[in-house]
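> pasting a predicted model and its sequence here:
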Amino acid sequence: MSQRTSKILIAGAMALGLAGLGGCATKGFVNQQVGQVSTRVDDVSGKVADVNARVNDHDSKLATLDQTSRDALERATAAGKLAEGKFLYQEVLTDDSMKFGVSKTSLSPEAQARLDAFVDKLKTDNRNVYVEVQGHTDKTGTKQANYRLGEERAEAVRRYLNEKGVALNRINTISYGADQPAAPNKNKAGRSANRRVVLIVLT
(Lines give C-alpha, C1' and ligand atoms only; values in the text may rest on other atoms or scores of the structure.)
Protein backbone atom coordinates (compact mmCIF):
# COMPACT_ATOMS: atom_id res chain seq x y z
CA MET A 1 0.00 0.00 0.00
CA SER A 2 1.42 3.35 -0.93
CA GLN A 3 2.10 6.11 1.53
CA ARG A 4 -0.50 8.26 -0.20
CA THR A 5 -3.18 5.57 0.18
CA SER A 6 -2.32 5.13 3.87
CA LYS A 7 -2.70 8.84 4.47
CA ILE A 8 -6.10 8.82 2.75
CA LEU A 9 -7.32 5.89 4.87
CA ILE A 10 -6.07 7.48 8.09
CA ALA A 11 -7.72 10.78 7.22
CA GLY A 12 -10.97 8.98 6.45
CA ALA A 13 -10.84 7.10 9.73
CA MET A 14 -10.20 10.33 11.62
CA ALA A 15 -13.12 12.01 9.85
CA LEU A 16 -15.44 9.13 10.76
CA GLY A 17 -14.20 9.27 14.34
CA LEU A 18 -14.81 12.98 14.59
CA ALA A 19 -18.27 12.55 13.11
CA GLY A 20 -19.01 9.86 15.65
CA LEU A 21 -17.77 12.05 18.46
CA GLY A 22 -19.89 14.91 17.14
CA GLY A 23 -22.92 12.64 17.12
CA CYS A 24 -22.24 11.53 20.68
CA ALA A 25 -21.75 15.11 21.81
CA THR A 26 -25.01 16.19 20.14
CA LYS A 27 -26.94 13.30 21.69
CA GLY A 28 -25.47 14.05 25.11
CA PHE A 29 -26.46 17.71 24.82
CA VAL A 30 -30.00 16.79 23.81
CA ASN A 31 -30.28 14.30 26.65
CA GLN A 32 -29.07 16.96 29.07
CA GLN A 33 -31.64 19.48 27.83
CA VAL A 34 -34.44 16.93 27.95
CA GLY A 35 -33.44 16.06 31.50
CA GLN A 36 -33.57 19.72 32.54
CA VAL A 37 -37.00 20.19 30.93
CA SER A 38 -38.27 17.02 32.62
CA THR A 39 -37.03 18.33 35.96
CA ARG A 40 -38.85 21.62 35.41
CA VAL A 41 -42.05 19.80 34.41
CA ASP A 42 -41.81 17.64 37.53
CA ASP A 43 -41.27 20.77 39.63
CA VAL A 44 -44.30 22.52 38.11
CA SER A 45 -46.40 19.36 38.51
CA GLY A 46 -45.40 19.21 42.15
CA LYS A 47 -46.39 22.84 42.70
CA VAL A 48 -49.73 22.28 40.94
CA ALA A 49 -50.37 19.25 43.13
CA ASP A 50 -49.52 21.33 46.22
CA VAL A 51 -51.92 24.10 45.15
CA ASN A 52 -54.66 21.54 44.44
CA ALA A 53 -54.11 20.00 47.86
CA ARG A 54 -54.44 23.40 49.52
CA VAL A 55 -57.58 24.20 47.53
CA ASN A 56 -59.11 20.85 48.52
CA ASP A 57 -58.17 21.47 52.15
CA HIS A 58 -59.73 24.95 51.96
CA ASP A 59 -62.90 23.52 50.42
CA SER A 60 -63.17 20.80 53.06
CA LYS A 61 -62.80 23.39 55.83
CA LEU A 62 -65.48 25.53 54.23
CA ALA A 63 -67.84 22.56 54.19
CA THR A 64 -67.59 22.24 57.98
CA LEU A 65 -68.51 25.87 58.65
CA ASP A 66 -71.91 27.43 58.94
CA GLN A 67 -73.05 29.76 56.19
CA THR A 68 -72.10 33.04 57.90
CA SER A 69 -68.59 31.75 58.68
CA ARG A 70 -68.20 30.51 55.11
CA ASP A 71 -69.31 33.86 53.76
CA ALA A 72 -66.88 35.70 56.04
CA LEU A 73 -63.96 33.49 55.00
CA GLU A 74 -64.72 33.93 51.32
CA ARG A 75 -65.09 37.71 51.69
CA ALA A 76 -61.83 38.01 53.57
CA THR A 77 -59.97 35.82 51.09
CA ALA A 78 -61.37 37.74 48.13
CA ALA A 79 -60.39 41.04 49.73
CA GLY A 80 -56.83 39.82 50.26
CA LYS A 81 -57.19 40.29 54.02
CA LEU A 82 -55.73 36.92 54.91
CA ALA A 83 -52.39 35.27 54.40
CA GLU A 84 -53.74 31.72 54.59
CA GLY A 85 -57.49 32.03 54.76
CA LYS A 86 -57.89 29.98 57.92
CA PHE A 87 -60.99 30.02 60.09
CA LEU A 88 -60.07 30.11 63.78
CA TYR A 89 -63.34 30.38 65.67
CA GLN A 90 -66.50 32.38 66.03
CA GLU A 91 -67.93 34.01 69.10
CA VAL A 92 -71.66 34.54 69.24
CA LEU A 93 -72.50 37.25 71.71
CA THR A 94 -76.11 36.43 72.39
CA ASP A 95 -76.37 36.22 76.15
CA ASP A 96 -78.07 38.89 78.26
CA SER A 97 -74.89 40.95 78.46
CA MET A 98 -74.74 41.43 74.70
CA LYS A 99 -78.34 41.53 73.53
CA PHE A 100 -79.51 44.89 72.33
CA GLY A 101 -82.77 46.49 73.28
CA VAL A 102 -85.36 47.16 70.61
CA SER A 103 -83.87 49.62 68.08
CA LYS A 104 -80.83 50.12 70.34
CA THR A 105 -77.19 50.15 69.26
CA SER A 106 -75.34 51.25 72.42
CA LEU A 107 -73.13 48.78 74.28
CA SER A 108 -74.04 48.06 77.89
CA PRO A 109 -71.28 47.77 80.55
CA GLU A 110 -71.85 44.01 80.44
CA ALA A 111 -71.38 44.00 76.66
CA GLN A 112 -68.17 45.97 77.03
CA ALA A 113 -66.89 43.46 79.58
CA ARG A 114 -67.55 40.63 77.14
CA LEU A 115 -65.69 42.48 74.41
CA ASP A 116 -62.80 43.21 76.79
CA ALA A 117 -62.46 39.47 77.37
CA PHE A 118 -62.59 38.90 73.61
CA VAL A 119 -59.79 41.42 73.00
CA ASP A 120 -57.70 39.86 75.79
CA LYS A 121 -58.02 36.50 74.05
CA LEU A 122 -56.86 38.02 70.77
CA LYS A 123 -53.84 39.56 72.49
CA THR A 124 -53.04 36.30 74.31
CA ASP A 125 -53.14 34.37 71.04
CA ASN A 126 -50.71 36.99 69.68
CA ARG A 127 -51.74 36.48 66.07
CA ASN A 128 -52.57 38.87 63.27
CA VAL A 129 -56.25 38.10 62.94
CA TYR A 130 -59.09 39.34 60.81
CA VAL A 131 -62.39 39.87 62.60
CA GLU A 132 -65.73 40.16 60.86
CA VAL A 133 -68.40 41.71 63.05
CA GLN A 134 -71.87 40.61 61.97
CA GLY A 135 -74.91 42.58 63.11
CA HIS A 136 -78.30 40.86 63.46
CA THR A 137 -81.75 42.11 64.36
CA ASP A 138 -85.19 40.75 65.10
CA LYS A 139 -87.94 41.10 62.50
CA THR A 140 -89.46 44.24 63.98
CA GLY A 141 -89.45 47.09 61.48
CA THR A 142 -88.84 47.22 57.74
CA LYS A 143 -86.15 45.20 55.98
CA GLN A 144 -84.17 48.32 55.11
CA ALA A 145 -84.37 49.63 58.69
CA ASN A 146 -83.19 46.27 60.02
CA TYR A 147 -80.17 46.24 57.71
CA ARG A 148 -79.27 49.74 58.89
CA LEU A 149 -79.77 48.79 62.54
CA GLY A 150 -77.65 45.64 62.17
CA GLU A 151 -74.86 47.69 60.59
CA GLU A 152 -75.01 50.27 63.38
CA ARG A 153 -74.74 47.52 66.01
CA ALA A 154 -71.77 45.97 64.21
CA GLU A 155 -70.13 49.41 63.89
CA ALA A 156 -70.58 50.03 67.62
CA VAL A 157 -68.65 46.82 68.31
CA ARG A 158 -66.03 47.68 65.68
CA ARG A 159 -65.36 51.06 67.25
CA TYR A 160 -65.06 49.54 70.70
CA LEU A 161 -62.63 46.85 69.52
CA ASN A 162 -60.51 49.55 67.88
CA GLU A 163 -60.49 51.60 71.09
CA LYS A 164 -59.11 48.50 72.82
CA GLY A 165 -56.25 48.11 70.36
CA VAL A 166 -57.54 46.03 67.45
CA ALA A 167 -56.46 47.71 64.19
CA LEU A 168 -59.32 49.01 62.07
CA ASN A 169 -57.90 47.39 58.93
CA ARG A 170 -58.29 44.06 60.71
CA ILE A 171 -62.01 44.53 61.35
CA ASN A 172 -64.87 44.40 58.88
CA THR A 173 -68.57 44.79 59.52
CA ILE A 174 -71.61 43.41 57.77
CA SER A 175 -75.30 43.50 58.55
CA TYR A 176 -77.62 40.55 58.03
CA GLY A 177 -80.58 42.43 59.43
CA ALA A 178 -83.31 39.91 60.23
CA ASP A 179 -82.29 37.50 57.45
CA GLN A 180 -80.59 34.91 59.68
CA PRO A 181 -82.57 34.57 62.91
CA ALA A 182 -81.15 32.47 65.72
CA ALA A 183 -84.67 31.84 67.08
CA PRO A 184 -88.26 32.30 65.91
CA ASN A 185 -89.47 35.90 65.95
CA LYS A 186 -92.89 34.83 67.22
CA ASN A 187 -92.30 35.71 70.87
CA LYS A 188 -90.34 38.16 73.00
CA ALA A 189 -87.61 35.67 73.96
CA GLY A 190 -86.99 34.73 70.33
CA ARG A 191 -86.80 38.33 69.18
CA SER A 192 -84.41 39.13 72.04
CA ALA A 193 -82.12 36.25 70.99
CA ASN A 194 -82.04 37.58 67.45
CA ARG A 195 -80.75 40.99 68.50
CA ARG A 196 -77.14 39.90 68.56
CA VAL A 197 -73.60 40.31 67.25
CA VAL A 198 -71.47 37.47 65.88
CA LEU A 199 -67.69 37.77 65.73
CA ILE A 200 -65.91 35.61 63.14
CA VAL A 201 -62.15 35.30 63.76
CA LEU A 202 -59.89 34.39 60.86
CA THR A 203 -56.16 34.36 60.28
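Arrived safely, thanks for sending.
> Lys164 is in contact with Asp116, correct?
Yes - between Asp116 and Lys164 there is a contact under CB atoms under 8 Å: 6.7 Å. For every residue, glycine as well, the C-beta is placed using N, CA and C.
> C-terminal to the helix or strand of the chain with the lowest mean pLDDT, what's the next element?
Scoring the helices and strands of the chain by mean pLDDT, DSSP states H and E places helix 3-64 at the bottom, with a mean of 55. Using DSSP states H and E, the helix or strand that directly follows helix 3-64 along the chain is helix 67-78.
> which is the next helix or strand following that following helix?
Remark: after helix 67-78, the chain's next helix or strand is strand 87-93, criterion DSSP H and E.
> now the angle between helix 67-78 and that next one, please.
Here the directions of strand 87-93 and helix 67-78 differ by 130 degrees (axes from the mean of the first three to the mean of the last three CA atoms, to 10 degrees).
> quick one: contacts of strand 87-93?
With CB atoms under 8 Å, 6 or more residues apart in numbering as the test, strand 87-93 has contacts from 61, 65, 68-69, 73, 111, 114-115, 118, 127, 129, 182, 196-203.
> now with 6 Å, please.
Leu65, Ser69, Leu73, Arg114, Val197, Val198, Leu199, Ile200, Val201, Leu202, Thr203 (CB atoms under 6 Å, 6 or more residues apart in numbering).
> and stretch 115-135, by the same measure?
Outside stretch 115-135, the residues that reach it (CB under 6 Å, 6+ apart) are 72, 76, 81-82, 150-151, 153-154, 157-158, 160, 164, 170-175, 197-203.
> ok, stretch 175-186 next?
With CB under 6 Å, 6+ apart, stretch 175-186 has contacts from 135-139, 146-147, 150-151, 190-191, 193-194.
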